[in-house]
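J.: predicted model and sequence follow; I will ask about them next.
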Amino acid sequence: MKTSIFAIAAALALAPAPLAAQETGSAEPPAAEAAALPALHADFTSAVRNIAAAPLNASRVSVERLRREAVSSSDTGAILAQLPGVSAASGGGLSSMPILRGLSEQRVLIVVDGLPIDVACPNDMNPPLSYTDPQTVGAIAVVPGVSPVSMGGDTIAGIVSVESRMPRFAVEGGTLVTGEASSFYRSNGDGFGGALSLTVAGKRVSATYTGSYTQSDDYKGGGAMGKVRSTEYAKTDHQLALAAQTDVGLFEVKGGYHFAPYEAFPNQYMDMTSNTSWFLNGRYRGVFGWGDVDFTAGYRDTDHAMDFLADKQPGTMPMKTEVHSFTSALKVNLPLGRKDTLHLGGDFHHEGMDDWWPPVAGSMMMGPDTYLNINNGRRDRLGLFGEWESHWSDRLSTLIGARFDRVTMNTGAVQPYGTDMMNMADAMAAATFNAADRHRRDNNWSATALVSWQAADMLAFELGYAHKTRSPNLYERYAWGQGAMSSQMIGWYGDGNGYVGNLDLKPERADTVSAALRLTAKGGAMLKISPYYTRVHDYIDAVRLRDLTDMMGMPSGFVQLQFANQEAELYGIDASASVPLQRTARGETDFTASAAWVHGQNRSDNGPLYRQMPFNLTMGLAHLSGAFEAGADIQFVAEKTRVDATRNEPRTQSYALVNLRAGYTLGLLAQGITLTVEAKNLFDKGYALPLGGMSLGDYGATGVLRPVPGMGRSINFGMSTRF
């Protein structure tokens, strides 16, 4: 299969040039066609166009960087962790969850082409970014903390917005045939994959197919850490996008299919044994004399299954989840003169979930009935917002907005595996849960105020405040099981502990103040510093219920916890810099650096918040000379000493990783074929992932409990072309 993928990519690269010779070959539509399209930039998310007054509050990952990083990682969430202030909570090889300035899990709103994707798993095995692939994504914008209310609600951490590339059209009288292809191989884990994007378009109609495949075996940890069990994965994604350019705007329809036959999770008791999802989205964007309109609607169906893969442990314990989601959103931008714009809109999101665990034949504990974890769960959110963007001068602008979200939740009656003594804790919990009123309604208010001031050509400053609100998710409120085994099946934290829901949870309310300062020198050097402070009321944390024991009644090292509202605060600083070192006929050389530090504190128990990334610093050199490019970077992560004692969070040691890369573009076609080679973790450093949780896959096989080791040295090869 590896040989086939490389052969396909090579064949595409060497194929005859398309007939549409009049196409410019650029990433943008031809200038003659641009007037008929909304004023959107192909390499940035359209949602960010409303924050022109706040250029310092957002980070972006361009399509070029995504393609470069795809050689070494198929995990989009892990790639985002290279941005200052962004870290990643490790899961499977495709399923890292981004953490923005210390706030993680569902506190981050992730939208793909303007639409959210619901997690269909009690262990977050299919987070939204697992449905994306860095080989095919157009661009990603990240707005932490003080995010405009027009970008979405039901979040206190910020926004991650993923966008496909804008549709392309041919010039007058021609037919455009264009695309790109890529493939890769990674030595650590024997991973390989490839992707293809193909567009066929006329002047008014465009069709684009995008597909990708990736798989890997278990990887090896650095140094003497050996194989890290339960790290294999495989998935494929396919998408067909149709677009029509008309006199009244741009119409788009996209349909897609995702299938992951397996993805192991080193920090979970379970593995994902199947995840099938399909979606159908529609979008309309129109620009008129009175303003512009952006309307989206979409439906997604997901079938998810968990059990034990071969290297986890013997036996079986099937768990299944189905989620059906519908989303619609309308945004209208109304210019109020030359300096002011009013942004109005609303959105509706419906999530329907069923989560059940079939009985296991011959098991006294897991039977005789089906365990109903979430039965006919419903979570509906209706949001409305208004936002005023004003440019007081060429140097001073403001963005002020307010948002209201009504969240309603409910679920049906549940049942345990049985009512015998082995299931008595769950049987009693089910009776209490079924007798309770499970309907909940939250009225949530959010607001944002941003001021951006270009004080001088070399100095820009931004100050922002946000009050954001997030309601609990279905599992936080409705995961009812109180048996040791049933509660340990609930836990996207990867710590091996058991979690119990809480019907009395209140929405989280966060107040954030942030600032950003950017200095730019005449030679192109840049320094950006961003301090922030967040106070969270009714922060959803966990309190200890009891210690969990093994089959012999001895302490297991794990605990049972229940979600509970507490008080929390987070503060820190992000920094990034770039310096051009060389600009000559021989090439260009640049130095880059980024650093982040966050301090999260639980003000209720005076302990550290869980899953806080220690201080980290990355420095790199990049050189470009004609068809040749090379780079090197060093990543340093400090020792993690501030840990959450409530959850028995482990400490991790400091480490430094060295990475090298080189690439060369062969001029076989107008676009060329780019060959890339990388050495990740060049010196095979052994280290533990600070946010990786506990290595439960290894624990089940060896009886040794340790944090999840990071990947050891990997030599990666890539090949890509555009045509």
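T.: Yes, it's here. Numbering: from 1, shown residues only.
J.: quick one: distance of stretch 326-339 to the chain centre.
T.: Distance, stretch centre to chain centre, for stretch 326-339: 26 Å (C-alpha atoms, centre = their mean, to the nearest Å).
J.: on contacts alone, who are the packing partners of the lengthiest strand in the chain?
T.: Determined from DSSP state E, the single longest strand within the chain is strand 555-584. The elements that strand 555-584 packs onto, with contact taken as 3 or more C-beta pairs under 8 Å, 6 or more residues apart in numbering; DSSP states H and E, are helix 484-488, strand 498-500, strand 526-549, strand 587-602. In this view, the C-beta of every residue, glycine as well, is placed from N, C-alpha and C.
J.: paired strands for the shortest one, with orientation please.
T.: Right, strand 498-500. Sheet pairing of strand 498-500 (DSSP bridges) gives strand 555-584 (parallel).
J.: centre of the chain to the partner strand, how far?
T.: Computed by C-alpha atoms, centre = their mean, the chain-centroid distance of strand 555-584 equals 15 Å.
J.: from here on, call the first residue 271.
T.: Okay, using 271 as the starting number, the last item reads as strand 825-854.
J.: any idea of the angle that strand forms with strand 796-819?
T.: Relative orientation of strand 825-854 versus strand 796-819 (axes from the mean of the first three to the mean of the last three C-alpha atoms, to 10 degrees): 170 degrees.
J.: could you check the pLDDT of the residue lying closest to Gln538 once chain neighbours are set aside?
T.: Of all residues not flanking Gln538 in the chain, Asn393 sits nearest, at 5.2 Å (C-beta to C-beta, 6 or more residues apart in numbering). We have a pLDDT of 95 for Asn393.
J.: next up, phi/psi of Asn393, please.
T.: Here is the backbone geometry of Asn393 (degrees, to the nearest 10): phi -120, psi 20.
J.: is it true that it touches Glu533?
T.: No. In this structure, Asn393 is not within contact of Glu533 by C-beta atoms under 8 Å, at 11.1 Å.
J.: quick one, helices of the stretch 621-770 of the chain?
T.: Secondary structure of the stretch 621-770 of the chain (DSSP state H, counting those that start in this stretch): helices at 694-705, 744-748, 754-758.
J.: pLDDT weak spots in the stretch 821-970 of the chain?
T.: 939-940 (pLDDT under 70).
J.: I figured Thr851 was touching Thr862, is that so?
T.: Let me fix one detail, which is that residue 851 is Leu and not Thr. No. Between Leu851 and Thr862 there is no contact under C-beta under 8 Å: 10.5 Å.
J.: can you say which of the helices of the stretch 621-770 of the chain is nearest to Trp626?
T.: Between Trp626 and the helices of the stretch 621-770 of the chain, the shortest separation by C-beta to C-beta is 12.3 Å, and it involves helix 754-758.
J.: for the closest one, packing partners?
T.: In terms of contacts (3+ C-beta pairs under 8 Å, 6+ apart), helix 754-758 is packed against strand 768-770, strand 796-819, strand 825-854.
J.: what sits up against that helix?
T.: For helix 754-758, the surrounding residues in contact (C-beta atoms under 8 Å, 6 or more residues apart in numbering) are 539, 635, 641, 643, 686, 695-696, 749, 751, 766-770, 818-819, 828, 830.
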